[in-house]
Structures are given as C-alpha cells and as structure tokens.
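Peer 1: Fold the stuff below for me.
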Amino acid sequence: MSVIYSYHYSFFVVSLALFGFGLGGILVQPIIVKPTSKNVFSSLALLSLFFSLSVSFLTVSISTTMSPNMLADAIIMFLPFLVAGIFMAAVYRSFATYGNIVYFADLAGASIGSLASLMLLPQHGAINTVFLIGMVSSVGSLLLAVTSKKRMMVVAAVAGLLLLAFSTQHLHTGQVLDVQIAGDQNKELCNFLKDSSLGAKIIDSRWSAFGRTDLVELGISPDTKTIFVDGGAGTLMYQFNGDFSNTSSEVYKLKYSTGYYPYYFADKGSALVIGAGGGVDVLNALAAGVNHITAVEVNPETVNIVRDYSDYNGGIYTKYENVEVFIDEGRSFLKRTPAKYDVIMLNIPITKTAQGTSGYSLAENYLFTTDSFRDYLEHLGDQGFLVIVAHDPLEVYKLTAITLKVLREGGASAGESMRHVVVTGMHHSHFPVFILKKTAFAREQVTEMFAKSDELGFTPAYFPYINLGNLDPILTELGKEKLDLDVLVSHLRDHYGLDMEPPTDDRPFFYKFEKGIPQTLAQLLAASTALCVVISLLFSGAQESRRYSSRKKGLHSFARRFSLFMPLYFSSLGLGFMLIEVSLIQKFILFLGHPASAISVTLFSLLLSSGIGSLCSQRWKERLFRPALRASLIVGIQVISYTVILPLLFGMSLNYESTTRFLISFTLLFPLGFFMGMPFPLGIRLLEKETREHIPWMWSLNGAYSLLGSIVAVASAITFGFNATFLFGGLTYLAIFFFGHRRLERS
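Peer 2: Residues are numbered from 1 along each chain as shown. The predicted model follows:
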C-alpha cells in the first residue's frame, strides 16, 4: 500500500486488519456452529482455507491493477482480515479451556512472522512473500481438515495447498508481477513513467523491509539514473569516470549546487553524510577534497544498487579508500561514534515511505529534533558546519527554531544564536541550504560567503552582519532580536495554522507543519472511536437479551458482578497493549538503529514473551481473576519504572554491536511482555467457566479497541509525547487492577 498509494497507508493496513479482527467476533455467532458440534473443525478448516487463498490472490489483484481504486482496494483487503477475525473468535469460543495455549500459539506465530518478513522480502519480493504466507496458513487448514475427518474438506485443503505452491513456484521462476502505482498519488516514479518525453524505464527493482527500491534510467539523460523508494523521493546516481576536472560533465556542475556550497568554506578533514542515497553528497565531498568521508544510509537496497553499479558511478562506494559506507539510521550511528567531523551533511534525507515524513507513520525519524542538534554540535569540530539542504522555507524556519532553542539553553540570546547561521538559495532557487556553525561566524567569513552566494546566482536568505532589503524578513528580524521565537511560533500557529514548535526526541514530528493532529489521523481516530461505540452498543443489546437466560442457568451473580466490568476489561487490554507497543517501537529506534529492525525486534520480543506468559498462566486453575489483576498491576509498575530505566540502559549499551543490542532489547522487553500476555487468556478462561457466549464479543471489543489504541498512540505522541503515551498505556493496566480489585471486594 505504501508503494501503490502513499507512505502512511502502511498504517491504514494495520487499521484494516484490526478492524477485521474486531468485526469477526460479532459475525462468528451466526456463521459458526455451536462449539460443542462435531462440525467445528470442518468450519475452522474452511475459514482457514478461505483466508489462505484470499490473502494471497486478493493481494495480487489489488497490487497488479493498472488503475487502483482506494475504496475498492480497502474493501478487498479487509475481507481476509474479517475471515481471520471470525476464525480466531471461533477458536477462542470453542477452545476457551485451552485459551492460554491458543493465545501462546497466536502470539508466537506473530512474533516469528515479524522477523520472517525481514528475511523474506529481500529474497522473494512482496507478492511472493504473501504467497508463502498463504502456503503456511494452508498447512494449518490441512491439519484442521484432517482433524475434521471429512474427506471433501481434506481434498479441498490439499487442493488449496497445491494451488498456492504452484503459484509461488510460478512466480519464483521469473513470472514476477509488479506492484502498480496509483496514478493519482503524485508519485515521482509514476510521473516519470507516464511522461513519454523522458524515456523513463525501470532497470532494477528490489524489495526489503524498508520498502521497494527502483532504479530508473532516463532516455534523455544518460548521465544520471534515479533511485526511488516506494515510488517517491528520488535520489540521483551520477555517471562518473573519476575525473572531477571535466567541466562538461554533470558531476562538475554539482559545484554550482547548494549541496556543494558549504565546502567552499569548510575545513576538509572529515565529513559525515547522513542519508547518502545515490551518492551525490559523497561526490560533492570527494570533489571538494575532503580527506575522510563517512556515508550513512538507512535503506540497504539503495547502498546495494550503488555498489552493484560501480562501473557506472565510478565506484564511489567501493573504490575510494577515504569513503566508508554504513547501512544504519543516521542518528543512531552518530550516537555510537566518538568521532568529530568538520562537516555533517543532511541533504533532504527523509523519504516518503512507511518510515518517512508523515505525522502518523509507524516509525518517526529522529534526525531533526533539539536533541539531535545537540548531538550534531557535540560531534562537530570547533569550526565545523552542520549542513541541511531543505525542501522549502517552512523547513528552514523550523530548523531555525530548533537552533535558537538549543543555543538559548546554552545561554545565547537570539541575536547571538543567529550569528551561527547562514541560509541561502531560498525562494527562487530550489533546495535552500541551512548552515549552522558550532562557533559564531566571523564577519570576514560571512562577507566571503555572501559574495560566493551571489556569484553562484543563489537567492540569499540570511547572512549575519549583512543588512539588505532582499533577505528573508523573518530570519532577519530574529537576528536583530526584534522578533521573539516564542511569539513567532504562537503567531504562525494561531493565524496560519502552522506548527513551528521545535521537535524533541519525545515528540520528533519535524515534518508535521499542520497545527494539531493531522487531518487523516483525525479522521481515522473518529472512525475507530465510532466503531468501538457501535460494537459496545451491540454487545449491550445482546447482553440484555441474555439476562433472562443467565438467571435460569444460575449465572445471575456473575452477570451482575461483571456485566459492566468484563467488556471494560477486554477493551482496556486492547487499548493499553497498543499504547505500550507503539511507544516501545519508537523508543527502540535510536537504540537498535534501523527502523524496520526496531519494529520487527520489538514486536518479536513483545509477542513471543506475551505468548510465553499466556502459556505459563495455565498454572492457575481456580480464582482466575486475581492473577489476571496482579499481572495487570505488575505491567503498570514495570511501565512506570521503564520510563526511568530505559534511557539509562540505552546510554550505557549504545556502543555495543548490533547483535548484542538485539539481545539486550529482548531481555528488556521479555519481562514486560511476559506479564502483558497473562490477562487476556485468563479472562477467556474465566468466561468459559461462567458465560461462554460472551467470548466472541470480548474478542471483538479487544480487536476494536486495539485499533483505537494504535491510532490514539500516535495522536497522543503528537500531542503529549511518546513518554506520556507509554505512561498512559501503563496507567490503563493500573486502572484494570484498581477497578477490578474494587469489583472483587464488592462481590
């Protein structure tokens, strides 16, 4: 979905999945036979087989459609998850006695899947990977069919498995289907391919957990190729033969770009390039004569493409001894190295991917925050430059706000802080360059820089000591201390609806310029809230119709004591789990480095440990509610303690190699996940003993509020920060303990 439409639709898929799981709990009653029926295994086998086939072939249908439609695709993608929701609700209802084992298997499989995606995507691509997933699921269908002892069901399951195996093999032998890009999404790759005058052609395409990476050549421009990630944010790779003196080459013309401009004045000892992409900034540093260049790129396939096309690009990542290339998240790399640099370069490094620029992505970047600027300044030499090539003036204003806030903490006034800043290339020139020097610019150096900017034809925006009417008025007023930063931020928010508040590591949303919660996120929040309300009302209505039956069966006492609390209990578990999970994913990005690795390792650790916690909850046979409440209390206490412990442990072990950091992450997450895995299966077993018919409803409520929790987590992080969101998740578990304990005391 990130390739077809846009980066934040990866979040949309998560919402569709959780919505389907939740709705499945409601539909299980009329669709699946009673749990005591001998036909339950055949029903489950049929559902599992339908999921296996639909998740495979429906994914192909929406991925390969030449003219994708968002509404149609959402409905199509929703169907497999709805079937999965019905299946899981039926399993929990039918085998509630073994709910802890079912929950363990469910979470253990999910944890393995979260790591398997990292390995399968680069080897097989997205569509082939989905078919492999379908094959695994169809094996489960076959086991259920055999257990049902119905010959026709076994034949159908075997046929489904063979069909998926044949399709997977067919795709693997070269008949690879391409994921199409919707024409209305303003994707750069799509626009290139549609413009026949460019002669654009995809010559290489690779998948990884980061996304799809395409290499495109243009018939009208043989000197450059463009690398796209998920069809957007292209980065150029230049044809280069090692000769920097050839004045007619495209590489020589880079000397007239804003990306090269700082090298006219910076020391040439060392440079760190964050977001190296196709190597343009490495070329700039090589052309400038920098002695040692460190290049960091988060997308492994971008680096692999540049290395594989060394004959074309001159081997800028392979043949130069003074160039070191690292596949890592830039900020995480910086925090682990003791080196100091003369130049730290970030040339519009953020791509519009699932790990990209949105205010509601699964993994927000940490490159442009007040905390990151402190790290950059700490890793610069005394005369060092932090250089950021931005997209537009709005980004420059926010970069300036970060600078003023950081330097103000060191005792500098706004006027003194602005003497560290030079900005040129704004407005009429593309890609303004923001230069922050560790020490204040001298007047003579500024005069030289202004003259060079004029020589290159740039539009000057801000130069300290220079008083001209064509400079940017906002930056100039800040430099003269005629404009206060806090007043400016408030004015832009109140009158123009712009968010210019300096981002922090706790609220790292640099590219969120929209005041408040982004519109798309607000719409998702409203829709998920409405869904939770509807399911809650439907459950209330269904419960009223069962009250008389409950009295006849002697369950009146249980229904009276827990009729309100049990839906709140399962709803809170879904909400709290997602608040904690989303916050932890973000917190572990800096520690683990790669965003995709942080997501997968965090999910693997939490889900596997939760599954083991579920399995261990089997030891309690009676009075099941008390251990469930105690586990909730422990989770709440752990979350509160982790807000203090995690930053300290991260700081102590950040320099360890990646495998050690993964093991440390697992060790830290295991005890939290272990106790988070207990309350749900204990609640299911409690219902099985008292009122089994409520189990599908509780599954539905848990799924719906999990959906709400995933959206609330991001909205809360934007508003209050990830630390507060993490605490909100812990407080949810404490609320479960507090209100549940009071309910027990009254009973």
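Peer 1: Run through the strands of the stretch 351-500 of the chain in chain order.
Peer 2: Secondary structure of the stretch 351-500 of the chain (DSSP state E, counting those that start in this stretch): strands at 380-389, 421-424, 433-437, 460-462.
Peer 1: The third one packs against which elements?
Peer 2: So that's strand 433-437. helix 370-378, strand 380-389, helix 393-409, strand 421-424 (3 or more Cβ pairs under 8 Å, 6 or more residues apart in numbering; DSSP states H and E). For every residue, glycine as well, the C-beta is placed using N, CA and C.
Peer 1: then the last one to PDB, C-alphas only?
Peer 2: I take that to be strand 421-424. In PDB, the C-alpha atoms belonging to strand 421-424 read as follows (Å, rounded to 0.1, in the frame of the first residue of the first chain):
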ATOM      1  CA  VAL A 421      23.500  30.600  11.000                       C
ATOM      2  CA  VAL A 422      23.800  31.200   7.200                       C
ATOM      3  CA  VAL A 423      20.900  30.400   4.800                       C
ATOM      4  CA  THR A 424      21.000  30.800   1.000                       C
END
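Peer 1: How about Tyr366: what's its closest non-neighbour residue?
Peer 2: Arg331 (4.5 Å; Cβ to Cβ, 6 or more residues apart in numbering).
Peer 1: Show me the shaky parts of this protein.
Peer 2: Filtered on pLDDT under 70, the chain yields the residue ranges 7-11, 29-38, 171-177, 182-185, 349-364, 426-429, 544-563, 622, 689-690, 744-747.
Peer 1: Where is the longest helix in it?
Peer 2: helix 99-148 (DSSP state H).
Peer 1: gap between that one and the chain center?
Peer 2: Distance of helix 99-148 from the chain centroid (Cα atoms, centre = their mean, to the nearest Å) equals 22 Å.
Peer 1: Check whether Ser583 really touches Gly729, as I assumed.
Peer 2: Yes - shown here, Ser583 and Gly729 form a contact pair, counting by Cβ atoms under 8 Å, at 6.5 Å.
Peer 1: who touches both of the two?
Peer 2: Counting by Cβ atoms under 8 Å, 6 or more residues apart in numbering, the contacts common to Ser583 and Gly729 are Ala713.
Peer 1: Next one: Gly259 from Ala527, what distance?
Peer 2: Distance, Gly259 to Ala527, by Cβ to Cβ, to the nearest Å: 42 Å.
Peer 1: The two: which is more packed in?
Peer 2: Gly259 (22 against 15; other Cβ atoms under 10 Å).
Peer 1: What is the helix or strand containing the residue nearest to Tyr366 packed up against?
Peer 2: Per DSSP states H and E, Arg331 falls inside helix 330-336. In terms of contacts (3+ Cβ pairs under 8 Å, 6+ apart), helix 330-336 is packed against strand 270-274, helix 370-378, helix 565-592.
Peer 1: next structured bit after the shortest one?
Peer 2: When you say that, I think you mean strand 270-274. Using DSSP H and E, the helix or strand that follows strand 270-274 in sequence is helix 280-288.
Peer 1: pull the CA atoms of stretch 500-518 into CSV?
Peer 2: Output in CSV follows, covering the C-alpha atoms of stretch 500-518 (Å, rounded to 0.1, in the frame of the first residue of the first chain):
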residue,chain,number,x,y,z
MET,A,500,6.6,25.5,14.1
GLU,A,501,7.2,24.2,17.6
PRO,A,502,10.8,22.8,17.8
PRO,A,503,10.5,19.0,17.8
THR,A,504,12.2,16.9,20.5
ASP,A,505,13.1,13.2,20.7
ASP,A,506,9.9,12.7,22.7
ARG,A,507,7.9,14.4,20.0
PRO,A,508,10.0,14.0,16.9
PHE,A,509,7.5,15.1,14.3
PHE,A,510,9.6,17.6,12.3
TYR,A,511,7.6,17.3,9.1
LYS,A,512,4.3,17.9,10.8
PHE,A,513,3.5,21.5,9.8
GLU,A,514,-0.2,21.2,10.3
LYS,A,515,-1.5,22.5,13.6
GLY,A,516,-2.9,19.9,15.9
ILE,A,517,-3.5,16.4,14.8
PRO,A,518,-3.1,15.7,11.0
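Peer 1: What are the buried residues along that stretch?
Peer 2: Neighbour-count burial for stretch 500-518 flags 500-514, 517-518 (criterion: 16 or more other Cβ atoms under 10 Å).
Peer 1: In strands only, show me the residues you listed.
Peer 2: With strands defined by DSSP state E, no entry of the buried residues of stretch 500-518 lies inside them.
Peer 1: quick one: which of the residues you listed sit in helices?
Peer 2: Residues of these located in helices (DSSP H): none.
Peer 1: Pro222 in helix, strand or coil?
Peer 2: Applying DSSP: H, G, I helix; E, B strand; the rest coil to Pro222 yields a three-state assignment of strand.
Peer 1: who touches the helix or strand hosting Ala159?
Peer 2: According to DSSP H and E, Ala159 maps onto helix 151-172. Around helix 151-172, the neighbours that count as contacts under Cβ under 8 Å, 6+ apart are 42, 45-46, 49, 52-53, 56-57, 124, 127-128, 131-132, 134-135, 138-139, 141-142, 144-146, 148, 177.
Peer 1: Show me what counts as buried in the next helix or strand after that helix.
Peer 2: Past helix 151-172, further along toward the C-terminus, the next helix or strand under DSSP H and E is helix 188-194. If you call a residue buried by 16+ other Cβ under 10 Å, then helix 188-194 has these buried ones: Glu188, Leu189, Cys190, Phe192, Leu193.
Peer 1: Out of the strands of the stretch 351-500 of the chain, which is the most enclosed?
Peer 2: strand 421-424 (a mean of 27; mean count of other Cβ atoms under 10 Å).
Peer 1: before we move on, the earlier item: helices and strands around the longest helix of the chain, which ones?
Peer 2: Against helix 99-148 (3+ Cβ pairs under 8 Å, 6+ apart) you get helix 40-63, helix 70-94, helix 151-172, strand 200-208, helix 595-616, helix 679-690.
Peer 1: Would you pull up how far stretch 84-97 lies from the middle of the chain?
Peer 2: Worked out by Cα atoms, centre = their mean, stretch 84-97 lies 30 Å from the chain centre.
Peer 1: Which of the three states applies to Ile26?
Peer 2: Counting by three-state DSSP, the backbone at Ile26 sits in helix.
Peer 1: For it, give its distance to Leu524.
Peer 2: Separation of Ile26 from Leu524 (Cβ to Cβ): 21 Å.
Peer 1: Then Leu404?
Peer 2: With distances taken as Cβ to Cβ, Leu404 is found 34 Å from Leu524.
Peer 1: Then Ser6 would be within a helix, right?
Peer 2: No - going by three-state DSSP, the assignment for Ser6 is coil, not a helix.
Peer 1: how deep is it tucked in, by neighbour count?
Peer 2: Close neighbours of Ser6, defined as other Cβ under 10 Å, add up to 24.
Peer 1: May I see the buried residues of stretch 366-380?
Peer 2: For stretch 366-380, a neighbour-count test (16+ other Cβ under 10 Å) marks 366-373, 375-377, 379-380 as buried.
Peer 1: mind listing what the nearest residue to Ser54 once chain neighbours are set aside touches?
Peer 2: In this structure, Ser54 finds its nearest non-sequential neighbour in Pro80, 4.5 Å apart by Cβ to Cβ, 6+ apart. Pro80 makes contact with Gly20, Phe51, Ser54, Val55, Leu58 under the criterion Cβ under 8 Å, 6+ apart.
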